[in-house]
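# With the sequence up front, the predicted model follows.
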Amino acid sequence: MKPRNEHEREVVRLSSRIPQDKLTDGQLKWLVKVKYGEKAQVFRGKFWCPNCGKYVGEVGENDLLNSREIVCPHCRSKLETETADTNFVPYQIKSRRIANGCDFVLFCQKVEGYQVMRYFSVRWESKLLKGIKSFSIQEVVRTWSKKGSPLVTESVGYGGIGCWYWDSPFSRYADLKLKGKEYHVNPLEVYPRSSFTDEYRRFGLNNVKKLYDHYPLYKLHTALENDHALTICEAGWYALMGKYLNLVDEHDRDNLWTAVKIAIRNGYDNAEKRIDVWYDYVKMLGKLGLDLHNAHYVCPDDLVAAHDNILKRLRKKEEQQMLKEMSEQNSAYRERVARFLGLKFKCGALDIAVLPSIYDFKYDGDVLQHCVYHGAYYNKQNSLVLSARKDGVPVETIELSLQSFKILQCHGFRNKSSEYHDRILGSVKAHIPKIRELAKNNISTNNIRANIC
């Protein structure tokens, strides 16, 4: 794509000064160490050094089992066998005694007021007893960001024939070209000694790893124009910035910003330590209509206890609201099925009757753990729902069509059939003519009872 305006022409001019695929010696040394040389390789229950390719020790040995780091006795390289990352797995060597991988890494630098993000695809391969066999890099995406200007993206070809390796959709050995859309690459690592413009440093990028753990760097351009997001980051609440920017409802966003200002003004440390708990706590305060300008609510000494207390209050309010709604819906339901409400019949030890209220729908749903209540079956205009109970306890719930007068479903606990299933079906089918007559004539049952089974 050709540059369409002066801004893009300036980016193309500046980009020509940065050689594609070129890294400094220090960057390459870090890349080889992080992407390859720090993790021990595992083959047939043994640790191998990725740098010299020689045997280090058995996986199950006590001295290795109790340590997260081992030292290669041959080249003295320090190798990780386990880290605090629960997803860490030592490189598993498979066929032909070869270990390999392909990932993305990010290098950041500033060029004449622009924040440049350079994304590299990295592929490495090693072999036992020989160490590093191949190591190659390719710059696949380069973004240019500046406050007050749109984001500009350069990229190699994306997708199609000649893609960059089997797990990367970027074309191999292609030149970076201006693109009209953004590619959101998610790198595995970020170069810790990256340089940033003053605008980006306001995000707290002196700690790149901490910020990146909570918020992807490629989204920072959208946050440059948001002073609230910058203030949250300056306070060191990196995880909260992502939550704030992801809020769609303006009312929720305003509530959160009000609470953040009060917390920062009062130097509230508990929010930063338990950001997820505090975020949920503030949302509940807003739902209860409590004053978010009041530090008494926003900055509790015991955050967990305050969270639990507000949660109980919110549940009580929601239950009251639910009961109010159920009362309104119950009146409409009883009016709709009034002609069937007196219909009851026995089937041995079972009593089968039309559910007389929405509260009974909830009772059946809670006891039998199915969705007759949460699925709002009481609102289905062309269905009649009955309950088969033994000593007042639901055994199965039956849905009958008022159009075809066929049993649509009949389920017991967790939508399974009970031991009375066949008898219940037979009893309901025997009373379908009476139900059809009531539906057709629109007359009241007047407590019609039957003992047919």
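Cool, got the structure.
# Apart from its neighbours in sequence, what residue is nearest residue 8?
Take residue 8 and drop its neighbours on the chain: the residue closest to it by Cβ to Cβ, 6 or more residues apart in numbering is residue 152, 5.9 Å away. Where C-beta positions appear, they are placed from N, C-alpha and C, glycine not excepted.
# Please, which helix or strand holds the one you found?
strand 149-155 (DSSP states H and E).
# tell me how far that strand is from the chain's mean position?
Centroid separation for strand 149-155 versus its chain: 28 Å, with Cα atoms, centre = their mean, to the nearest Å.
# now the helices: where do they sit in the stretch 101-250 of the chain?
In the stretch 101-250 of the chain, the segments counted as helices under DSSP state H, counting those that start in this stretch are 198-201, 208-214, 220-223, 227-234, 238-246, 250-265.
# do you know which of those lies nearest residue 7?
Across the helices of the stretch 101-250 of the chain, residue 7 has its closest neighbour in helix 220-223 (13.6 Å, Cβ to Cβ).
# What residues sit buried inside that closest one?
The neighbour-count check on helix 220-223 (16 or more other Cβ atoms under 10 Å) flags 220, 221, 223 as buried.
# same thing with stretch 311-331?
326, 329, 330.
# again, but for stretch 3-23
For stretch 3-23, by 16+ other Cβ under 10 Å, it's 8, 10, 11, 12, 15, 20, 23.
# Dump the residues you listed to a markdown table, plus distance to residue 78 and secondary structure.
Shown next, in a markdown table, are the buried residues of stretch 3-23 (distance: Cβ to Cβ, whole Å; DSSP: H, G, I helix; E, B strand; the rest coil):
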| residue | distance to residue 78 | secondary structure |
| --- | --- | --- |
| 8 | 46 | helix |
| 10 | 45 | helix |
| 11 | 41 | helix |
| 12 | 43 | helix |
| 15 | 38 | helix |
| 20 | 33 | coil |
| 23 | 23 | coil |
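# Tell me the one of the buried residues of helix 220-223 nearest residue 414?
Among the buried residues of helix 220-223, and counting by Cβ to Cβ, the member closest to residue 414 is residue 223, at 46.2 Å.
# what's the pLDDT at the closest one?
For residue 223, the pLDDT comes out at 72.
# switch to numbering from 627
Understood, numbering begins at 627; the last thing we discussed is residue 849.
# What residues of stretch 915-923 count as buried?
Using 16+ other Cβ under 10 Å as the test for burial, stretch 915-923 gives 916, 918, 923.
# would you say residue 926 is within a helix?
No. Counting by DSSP: H, G, I helix; E, B strand; the rest coil, residue 926 is not part of a helix but coil.
# Does the nearest residue to it once chain neighbours are set aside lie in a helix or a strand, and which?
Leaving aside its chain neighbours, residue 926 sits nearest to residue 932 (3.6 Å; criterion: Cβ to Cβ, 6+ apart). In this structure, residue 932 is located in helix 929-962 according to DSSP H and E.
# averaged over its residues, what pLDDT does that helix have?
89.
# which element follows that helix toward the C-terminus?
Scanning onward from helix 929-962 (DSSP H and E), the first element met is strand 970-973.
# Touching the helix or strand just after that next one from outside, list them.
Proceeding N to C from strand 970-973, the next assigned helix or strand is strand 976-980, under DSSP H and E. If you take Cβ atoms under 8 Å, 6 or more residues apart in numbering as the criterion, strand 976-980 is touched by 963, 966-967, 969-972, 1010-1016, 1021, 1024, 1046, 1049-1050, 1053-1054.
# What subset of the residues you listed is buried?
963, 966-967, 969-971, 1010-1015, 1021, 1024, 1046, 1049-1050, 1053-1054.
# so where's the stretch 827-976 of the chain shaky on pLDDT?
Scanning the stretch 827-976 of the chain with the threshold set as pLDDT under 70 gives 830-845, 898.
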